[in-house]
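Asker: Sharing a model that was predicted from the sequence below.
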Protein chains: 2
Amino acid sequence: MTLLQDRDARRESLLAAADLVVQREGASASMAAIAAEAGITKPILYRHFGDKSGLYAALAGRHTDRLLDALVDSLTGGGAPRVRVLRTIDTYLAVIGTEPQVYRFLVQSEEAAPVHGPVRGFVRRMQELLAAGITHELRLASDDVRAPVWAAGIVGLVQAAGERWLEERDTDRGVLSELLTDLIWGAYGQLADAQAIRR
Amino acid sequence: MTLLQDRDARRESLLAAADLVVQREGASASMAAIAAEAGITKPILYRHFGDKSGLYAALAGRHTDRLLDALVDSLTGGGAPRVRVLRTIDTYLAVIGTEPQVYRFLVQSEEAAPVHGPVRGFVRRMQELLAAGITHELRLASDDVRAPVWAAGIVGLVQAAGERWLEERDTDRGVLSELLTDLIWGAYGQLADAQAIRR
DNA sequence: TGAAGGCTGTTACCGTTGGTAACAGTTGTC
DNA sequence: GACAACTGTTACCAACGGTAACAGCCTTCA
């Protein structure tokens, strides 16, 4: 029992060290450097994470899980649909705006392929969540392709607008959240009116 | 003169060989393998492209330039704005649907960071093009942030929906193009009505 | 008590890869 | 015919991911 606790605690401390090195040296940080930061040697890292992609996946998963939790809370909290969407977008922007290095590690990281796995998983889960919400909210048929297409689109829209905002920072976060929500709501009406498209 | 021609022709043949190897072995192809495919040795590659990221950037740039040309043609061709947007989206989907390996090399390539440069350049040019078009079409003020935000969003929306479509292939291309155009048009109206947001 | 097994940690090594220095052949020029 | 410039090669280096083999330590059980 305490063994497992020790193992988990150790794993956490290793991830913390890896986080440090990645923030400092970028995603191309070497396993030896991470091991040195943690005060141990390479084989221990490999015993814990299998290989480099395992470590990076764990590192990324940690962040995506946290982000996903925050977004799910925002989306499933109280309020009218539009309020919930606005709140979710604002939460997303708040997180990436507060920790841009983490964001860059996750989506733009030069030379960090293993990260793609967790990130894709995160994006997919977000899409599924939205698609289910849309299907329910608009009372669409369960095989109407428009829900997943729209869900994928909205995720991409917010992600791209957020990335641009990170680079430019030419708007208040709240204003941007409102603008994006407005845009989405306009298209939302479009979706509600038209005919079903079965897959 | 003929020297430059030779050099360019050679460069092209090297890129073609690199293309082959990358399609076959993925983006983690080694420089030695590419050199072997081209029938020469490593230092020649390095003399032409500087380093690995130079080669990959050239390779990616080739594809993004081609794609950008096709999209610009579609977008600036004749027809009403909605027709031009529909045509552009359809062109995009046609290209990525026809050459999914190229698409994956460009945006999902495991372990091919240098590619991000050209791809980001491509995305940025596309965003600027759209932002200018929107500003002009809706007669927005040149410092209205909504145009670039919206442009970034629409690019992200189409990209994300396209990526999902590549994985699922659960709709006809034409139907998807129409659906995306409808969605965008709905938001477009939203944008036209609201107040300006100056940066 | 003491021997055996498993866990934690290390050193030292291997194979591959990106990248380069140094050298050889070839061709055009004065 | 010497010389410069270019094209090409071999042979090497450094760094990195990954692993085998060994050493100490703590628990467990006869």
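Answerer: Sure, I can see it.
Asker: so how far is chain B from A:L93?
Answerer: Relative to chain B, A:L93 is positioned 12 Å away (Cβ to the nearest Cβ, to the nearest Å). Using the backbone N, CA and C atoms, a C-beta is placed for each residue, glycine as well.
Asker: right, and A:W185 touches B:Q190 too?
Answerer: Yes. Taking Cβ atoms under 8 Å as the contact criterion, A:W185 and B:Q190 are neighbours in contact, 6.7 Å apart.
Asker: The two: who's more crowded?
Answerer: B:Q190 (21 against 17; other Cβ atoms under 10 Å in any protein chain shown).
Asker: Now the nearest residue to the more buried one once chain neighbours are set aside. Its backbone dihedrals?
Answerer: If you skip the residues right next to it in sequence, B:Q190 has A:G186 as its closest partner in space, 2.8 Å away by Cβ to Cβ, 6 or more residues apart in numbering or on different chains. Main-chain dihedrals, A:G186, degrees, to the nearest 10: phi -60, psi -50.
Asker: For A:G186, which residues are in contact?
Answerer: Listed by Cβ atoms under 8 Å, 6 or more residues apart in numbering or on different chains, the contact partners of A:G186 are B:186-191.
Asker: cool, A:D144 as well?
Answerer: Residues in contact with A:D144, defined by Cβ under 8 Å, 6+ apart, are A:135, A:196-199.
Asker: Then A:D8?
Answerer: Listed by Cβ under 8 Å, 6+ apart, A:D8 has no contact partners.
Asker: Look up phi and psi at it.
Answerer: In terms of degrees, to the nearest 10, the main-chain angles of A:D8 are phi -70, psi -40.
Asker: Can you tell me the element the residue most central in space within chain A falls in?
Answerer: A centroid search over chain A (Cα atoms, centre = their mean) returns A:T64, at 4.6 Å, as the residue closest to the centre. Under the assignment given by DSSP states H and E, the secondary-structure element containing A:T64 is helix A:52-76.
Asker: try A:Y92
Answerer: Counting by DSSP H and E, the secondary-structure element that holds A:Y92 is helix A:81-98.
Asker: Any part of the helix or strand following that helix near chain B?
Answerer: Where DSSP H and E defines the elements, the next helix or strand beyond helix A:81-98 is helix A:100-103. No. In terms of Cβ under 8 Å from any Cβ of the partner chain, no part of helix A:100-103 sits within range of chain B; the closest distance is 14.3 Å.
Asker: So what's the gap between helix A:100-103 and the chain middle?
Answerer: Here helix A:100-103 is found 11 Å from its chain centre; the criterion is Cα atoms, centre = their mean, to the nearest Å.
Asker: can you list contacts of it?
Answerer: Residues from elsewhere that reach helix A:100-103 (Cβ under 8 Å, 6+ apart): A:23, A:63, A:96, A:163, A:166.
Asker: Now, of these, which are buried?
Answerer: Neighbour counting by 16 or more other Cβ atoms under 10 Å in any protein chain shown classes A:63, A:96, A:163 among the contacts of helix A:100-103 as buried.
Asker: dump the residue contacts of the second one.
Answerer: Counting by Cβ under 8 Å, 6+ apart, A:I96 makes contact with A:102-103, A:162, A:166.
Asker: Give the single residue among those residues positioned nearest to chain B.
Answerer: Closest approach between those and chain B, by Cβ to the nearest Cβ: A:G162, at 8.9 Å.
Asker: My guess is the closest one contacts A:D90. True?
Answerer: No. Assessed by Cβ under 8 Å, A:G162 is found out of contact with A:D90, at 10.8 Å.
Asker: Neighbour count for those two, which is higher?
Answerer: Using other Cβ under 10 Å as the criterion, A:G162 and A:D90 rank with A:G162 on top: 23 against 18.
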